[in-house]
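Peer 1: My questions concern the predicted model and sequence given below.
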Amino acid sequence: MSETFKSIKNGLEEAVEYSKGKRTGAKVFSPKHVDVKGLRKRVGMSQAKFAASFGISLGTLRHWERGDRYPQGPALVLLNLLSKAPQTILKVLCNS
């Protein structure tokens, strides 16, 4: 077996064990809740510009800011990245 295959196999076995509730060496990433309105204001964007810049519908952004709904999945990951390194994320998006 190649080293790559062994690594993938090991990772899958850890994931299966973790899903059964067993402790493994698996690393779990749990993104933190983000104050979307505070973040948007910190980067200095209007709701419309923020939504358009990150591919979020304006209605969804407004729900997040009011607290009716909360970002999940990839949107939550993106917002966490933006909160940690706003200038880097904005630079990447503006250069693409």
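Peer 2: Everything's here; your move. Numbers count the residues shown, from 1 in each chain.
Peer 1: For residue 93, the count of nearby residues, please.
Peer 2: Residues near residue 93, counting by other Cβ atoms under 10 Å, number 13. Backbone N, C-alpha and C define where each C-beta goes, glycine included.
Peer 1: what sits against the residue nearest to residue 86 when sequence neighbours are not counted?
Peer 2: Spatial nearest neighbour of residue 86, chain neighbours left out: residue 43 (5.1 Å); criterion: Cβ to Cβ, 6 or more residues apart in numbering. Shown in contact with residue 43 (Cβ atoms under 8 Å, 6 or more residues apart in numbering): 50, 82, 86, 90.
Peer 1: confidence score at residue 43?
Peer 2: You'll see residue 43 listed with a pLDDT of 95.
Peer 1: Just the pLDDT for residue 96.
Peer 2: Here, the pLDDT recorded for residue 96 equals 56.
Peer 1: Let's check: the centremost residue of this protein is which one?
Peer 2: In the chain, the centroid-proximal residue (Cα atoms, centre = their mean) is residue 77; its distance is 0.4 Å.
Peer 1: how near is that one to residue 30?
Peer 2: Separation of residue 77 from residue 30 (Cβ to Cβ, to the nearest Å): 11 Å.
Peer 1: what about the helices in the chain?
Peer 2: Secondary structure of the chain (DSSP state H): helices located at 3-19, 36-42, 47-54, 58-66, 73-84, 86-94.
Peer 1: Name the residues of the shortest one that are buried.
Peer 2: Meaning helix 36-42. Within helix 36-42, the residues that count as buried by 16 or more other Cβ atoms under 10 Å are 36-37, 39-40.
Peer 1: and the gap between the closest residue to residue 75 other than its chain neighbours and residue 87?
Peer 2: Excluding its sequence neighbours, the residue lying closest to residue 75 (Cβ to Cβ, 6+ apart) is residue 56, at 6.7 Å. Residue 56 is 20 Å from residue 87, where distance means Cβ to Cβ.
Peer 1: what about those two, which has more around it?
Peer 2: Neighbour count, other Cβ under 10 Å: between residue 56 and residue 87, residue 56 has more, with 19 against 9.
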